[in-house]
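[1] take this sequence and fold it.
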Amino acid sequence: MAEAIASGAVSAPDVMDAAMRAAETRGQGAIARLAPGLGRAGAAQPLQGPFSGVPFLGKDLGSGAAGLTPVAGSKALAARIADQTTDSDLFARFRRAGLVPFGLTTVPEFGLALTSDPAANPWDDTLSPGGSSGGAAAAVAAGIVAIAHATDAAGSIRVPAAACGLVGLKPSRSAIPQGPDHGNWLMGLAAELVLARSLRDVATAFDIGANPHAGHRPLTTGRLALTIPEGTTPEAGRAAETLAAVAKSAGYAIETRPFPAPLAIRAAETARTILTASLAEWMTAFGIRPDDLSPLSAAVLREGLAMPASTLFKASRDLAILTDQWERSLDGIDAILSPVLPRGTPPKGAFDFTATDPAAHFAQMEATAPGAAIANAAGAPALVLPVGSHRPVGIQIAARHDTDRALLALGATLAAELPPVAYPHPIAGHP
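    So this is what the prediction gives:
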């Protein structure tokens, strides 16, 4: 699309208009906010970079753009926050690469679910597009945009990528800037980048978004492990085995390893502690009370307000321990292949925000995407590739911290041998 704009085959304003029309007609709940004036003004500017003139959607959670401050799907936050007047560091890099923001995508309140209601999955509107970057994934799969901003604190890039047949990278800890205004690293759990239809675009986004020092550690063994969690559906198991077979044909040695259940449980518990404490700090800073929130978020907030400092300190220690344990778990191999959603894509409404039991809610998240929080707790990169042409299954490749570029190169090798995905909609404005 950027090449077509640069060659004059299409114009950036016409492509932006097409994206905005698609947002209105194909959105199905994926768009939290549209800013047509910002989009048209951005498309009319002199443009350069690898994504020159390509329409772009921010996520309503994470780093923001000038005129588009995220409010995390919260009416209470929306009532208290004015739009920022400058880009965050990440969006400044996106904009310098030619991306043109024109709206924000739907998230569950405070990102506390692996669905993003009311957003629908473009492959099947009874299913969720995942969460918390579900609106972003739905927008890309529906062809509203070719690429969209996404964040990941417990699987929130990878679950939507898997649900919607996209490519997504949860980058290594510290690879991508999250300041100066956002600054919410969640003690190292959170990472930001994009969702897209091609690995090439995700890799380019990493190149333009990453800090110069980031992601240069190599993969060294030429060996990969395949891990299939208990209860995986035959379809998800076959997709993981297909990707392993592709890797084997590319020259990688493949072995099978058991799902690391103790590591997954500890990572999920640590993520829950940090997310809960973060919500308490966040809401206190804005003077938001439990009564201002959904019943679920209110229950999580109350739990966070009651949390002793010793519990949070234990979580900080567990992050360091989990980082070391993840590195040790990769002894003799470069990465682990596993299905992101071994039991399938959750339906719309699968996570109930009228519920008041945080323990049951977080347990449901772990059951939906087993082990997803490991990469967050360990600060490790994890890449999702779609396997299959129609409603593909997302398979994760998780590696050691700071191997992002080598992981993307591995992904490119494997993606080149996978069938192209037949998305349900073309990309709006694409010639």
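[2] what mean pLDDT does stretch 367-378 get?
    Summarised as a single mean, pLDDT over stretch 367-378 is 98.
[3] and stretch 41-48, what's buried?
    Of the residues in stretch 41-48, those scored as buried under the neighbour-count criterion (16 or more other Cβ atoms under 10 Å) are G42, A43, L47. The C-beta positions use only the backbone N, C-alpha and C, and glycine is treated the same way.
[4] now the residues you listed in JSON lines, please, with extra columns for distance to P13 and pLDDT.
    Supplementary listing: the buried residues of stretch 41-48 in JSON lines, determined by distance: Cβ to Cβ, whole Å; pLDDT from 0 to 100:
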{"residue": "G42", "distance to P13": "10", "pLDDT": "97"}
{"residue": "A43", "distance to P13": "5", "pLDDT": "97"}
{"residue": "L47", "distance to P13": "11", "pLDDT": "86"}
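[5] show only the entries of the residues you listed found in helices.
    Among those, the members falling in helices (DSSP state H) are G42, A43.
[6] what's the closest of the buried residues of stretch 41-48 to L77?
    Ranking the buried residues of stretch 41-48 by separation from L77, with Cβ to Cβ as the measure, puts G42 on top at 24.8 Å.
[7] show me what contacts that closest one?
    Shown in contact with G42 (Cβ atoms under 8 Å, 6 or more residues apart in numbering): M16, R95, V100, P101, F102.
[8] from those residues, pick the one nearest N376.
    If you rank those by distance to N376 using Cβ to Cβ, P101 comes first, at 25.5 Å.
[9] against R21, how distant is the closest one?
    Using Cβ to Cβ, to the nearest Å, we find P101 at a distance of 17 Å from R21.
[10] between those two, who's got more neighbours?
    For P101 and R21, the more surrounded residue by other Cβ atoms under 10 Å is P101, and the numbers stand at 24 against 13.
[11] burial count for the residue lying closest to that one once chain neighbours are set aside?
    The shortest distance from P101 to any residue that is not its chain neighbour, by Cβ to Cβ, 6 or more residues apart in numbering, is 4.4 Å, and that residue is A65. The burial count assigned to A65 is 29, neighbours taken as other Cβ under 10 Å.
[12] quick one: pLDDT of A65?
    At A65, the pLDDT value in this model is 97.
[13] same check on the one 10 residues further on?
    Model confidence at K75, expressed as pLDDT, equals 97.
[14] sorry, back to before: reformat the contacts of G42 as JSON lines; add pLDDT, distance to P308 and secondary structure.
    Formatted as JSON lines, the entries for those read as follows, by pLDDT from 0 to 100; distance: Cβ to Cβ, whole Å; DSSP: H, G, I helix; E, B strand; the rest coil:
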{"residue": "M16", "pLDDT": "98", "distance to P308": "50", "secondary structure": "helix"}
{"residue": "R95", "pLDDT": "97", "distance to P308": "43", "secondary structure": "helix"}
{"residue": "V100", "pLDDT": "98", "distance to P308": "46", "secondary structure": "strand"}
{"residue": "P101", "pLDDT": "98", "distance to P308": "41", "secondary structure": "strand"}
{"residue": "F102", "pLDDT": "98", "distance to P308": "44", "secondary structure": "strand"}
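[15] and those, which is closest to T256?
    Ranked by distance to T256 (Cβ to Cβ), those are led by P101 at 43.5 Å.
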